[in-house]
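>>> using only what follows, build the 3D model:
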Amino acid sequence: MNTLVSVLIVILLLNVITAIITVFKEERDITATWAWLLVLNLLPVIGFGIYLLVGKNISKEKMFDLKMQERLGIAQLVELQKEQWQDEELLPKGLRTPEVRQTVRLLLETDQAILTKNNKVDIYDDGHDKFAKLLADIDAANHHVHLEYYSFFSDRIGNKILASLEAAAKRGVKVRVIYDSMGSRGQKRHFFDELEKLGGEAEPFFAYKKAWIHSPRINYREHRKLAIIDGKIGYIGGFNIGDQYLSRSKKFGHWRDTHLRVVGNAVIAMQSRFLMDWNATIKNIRGKEPVKYDESLFPLQRQKGNVGLQVISSGPDSEVEAIKKGYLKLISGANDYIYIQTPYLIPDDSVLEALVVAALSGVKVKIMIPCMPDHAFVYRATEYYAKVLVDSGVEVYTYDDGFLHAKTFVVDSQITSVGSANLDFRSFKLNFEANAFGYDRNLALKLKELFEADLAKCTKLTPEYFERQSRWRKFKQYFSRLLSPIL
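Numbering: from 1, shown residues only. The predicted model follows:
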């Protein structure tokens with residue numbers, strides 16, 4: 001018996017020492033460091049398996065490849081706008097306010113995000129409408145189609161889009177696809193073979209082989225959802241490519257999401273982002289050459305609309321956390337109201353404090369989250385933070401008509417954000433994201449109307465709602481909160 005106890009003590013000591021070495025050998029946020037130490041020491045041996053799936057950092061070489069990519073098509077425009085940012089003419093008419101000017105400057109500095117003012121923007125909150133339009137745009141393409149999605153499933157809609165891509169490639173259109181191997185798990189191994197035979201290209205983001213099992217790491221995923229057609233039309237938002245986004249999932253039912261279709265010069269920024277990711281992804285693939293600047297990829301467009309847009313991207317290749325800083329600026333600059341939709345509500349201390357301060361200052365802060373989890377452990381952490389915010393005067397609602405996946409901000413009917421980034425640690429630090437920050441009253445009012453229409457299908461959370469929950473459920477919420485920096 002004494003021998004068994006001694007062996008167990010030795011194993012636990014070795015586990016603690018190995019945990020400390022494993023966690024501290026890679027640079028990460030201090031809160032995430034402590035969270036991983038908790039996991040590795042509370043779950044000896046098993047914790048290391050979880051760490052390999054979730055915690056291991058992307059290689060420094062790959063991160064360097066991303067950082068070193070040239071921002072094709074916009075580098076000179078960024079410097080010019082930094083010089084002009086105080087000029088009233090730089091900002092959209094009707095929105096030449098200090099809040100807009102400061103937000104534009106912040107995003108220029110943090111992400112070199114150019115402001116374009118001539119954009120026509122359509123909002124899609126239903127997958128059937130969004131994919132019907134995307135298919136029509138692909139079918140009409142005559143130069144190139146670039147897609148970048150976290151999930152590209154080999155189901156009905158996935159095969160339908162693939163068929164359109166193959167038809168485009170067959171008629172001479174250059175097709176390039178980036179997908180995330182983890183996000184597209186279950187995709188058939190040879191899904192893109194015919195497309196590639198026709199001259200198209202499809203590559204998993206920073207994966208060595210085209211099968212998700214070869215890339216089990218959960219962190220550092222390609223979470224962007226972009227489509228660029230002929231350099232003139234761009235899509236950005238929350239919809240991935242899969243049947244569940246068409247409300248065909250028995251588990252989730254109706255799928256509520258938000259995506260933008262943009263015609264205008266903001267597409268230049270989407271194109272630049274895609275090509276940076278493409279060139280980094282194919283850098284070490286034999287026979288693949290990086291895409292260089294070509295005017296045909298960045299066609300300047302005449303006036304199409306009046307919406308001002310900045311396309312922002314962030315990821316673990318940068319310590320700036322540009323999208324989070326953009327969110328913080330929207331929250332801190334609000335005077336009247338802030339409407340937020342997010343499937344995951346796991347804010348870090350800075351965002352949590354900003355939301356609380358805004359609510360206590362008299363700003364109407366309304367946050368909408370799903371009524372059901374797609375990841376149970378993550379949802380318990382969302383419930384924890386929902387309670388904290390409700391207790392501080394923020395209005396939190398659960399969307400009851402299916403699953404809410406939209407990631408949107410509307411502030412004071414003047415600034416909006418739509419994209420792939422959730423209000424959580426993962427989107428701020430661990431995944432590669434892209435959002436469009438908009439400056440237009442009509443766009444803001446349309447998104448506000450959508451939010452208020454969704455409120456009719458929501459339940460408002462109250463302190464009594466949380467009090468009625470069982471002790472076991474409350475424990476899971478508190479425990480999940482301890483691990484929130486790594487969720």
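>>> domain assignment for this structure?
The domain map for the chain lists 2-56, 62-107+115-311, 322-486, with the assignment taken from automatic domain parsing.
>>> out of those domains, point me to the one whose mean pLDDT is lowest.
Taking the average pLDDT of each of the domains of the chain, the minimum falls on domain 2-56, with a mean of 51.
>>> run through the strands of the stretch 301-450 of the chain in chain order.
Using DSSP state E, counting those that start in this stretch, the strands of the stretch 301-450 of the chain run over residues 307-314, 337-341, 345-346, 364-370, 395-399, 403-404, 408-411, 415-419, 423-424, 433-439.
>>> picking that back up, can you put the domains of the chain in CSV and add mean neighbour count?
All C-beta spots, glycine's among them, are computed from the backbone N, C-alpha and C. Formatted as CSV, the domains of the chain follow (neighbours: other Cβ atoms under 10 Å):
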stretch, mean neighbour count
domain 2-56, 14
domain 62-107+115-311, 19
domain 322-486, 20
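>>> my guess is K93 contacts N306. True?
Yes - K93 lies in contact with N306 (Cβ atoms under 8 Å); the separation is 7.5 Å.
>>> mind putting the strands of the stretch 301-450 of the chain into CSV with distance to F239?
Converted to CSV, the strands of the stretch 301-450 of the chain look like this (distance: least, Cβ to Cβ, whole Å):
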stretch, distance to F239
strand 307-314, 17
strand 337-341, 14
strand 345-346, 20
strand 364-370, 16
strand 395-399, 16
strand 403-404, 12
strand 408-411, 13
strand 415-419, 11
strand 423-424, 18
strand 433-439, 13
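>>> go through the ones you listed and name the closest to Y478.
strand 345-346 (13.5 Å; Cβ to Cβ).
>>> partners of that closest one in the sheet?
Each strand pairing with strand 345-346, determined using DSSP bridges, is listed with its direction: strand 423-424 (parallel).
>>> moving C-terminal of the strand it pairs with, what's the next helix or strand?
Sequence-wise, the next helix or strand beyond strand 423-424 is helix 425, with elements assigned using DSSP states H and E.
>>> how far does that following helix sit from its chain's centre?
11 Å (Cα atoms, centre = their mean, to the nearest Å).
>>> tell me the angle of the helix or strand containing E452 relative to strand 433-439?
Mapping E452 onto the secondary structure by DSSP H and E places it in helix 441-455. Interaxial angle of helix 441-455 relative to strand 433-439 (axes from the mean of the first three to the mean of the last three Cα atoms, to 10 degrees): 120 degrees.
>>> which helices and strands sit right next to helix 441-455?
In this structure, helix 441-455 makes packing contacts with strand 116-124, strand 337-341, strand 364-370, strand 408-411, strand 415-419, judged by 3 or more Cβ pairs under 8 Å, 6 or more residues apart in numbering; DSSP states H and E.
>>> and the second one, what does it pack onto?
The one in question is strand 337-341. Using 3+ Cβ pairs under 8 Å, 6+ apart as the test, strand 337-341 ends up in contact with strand 364-370, strand 408-411, helix 441-455.
>>> which one of these lies closest to F475?
strand 364-370 (20.4 Å).
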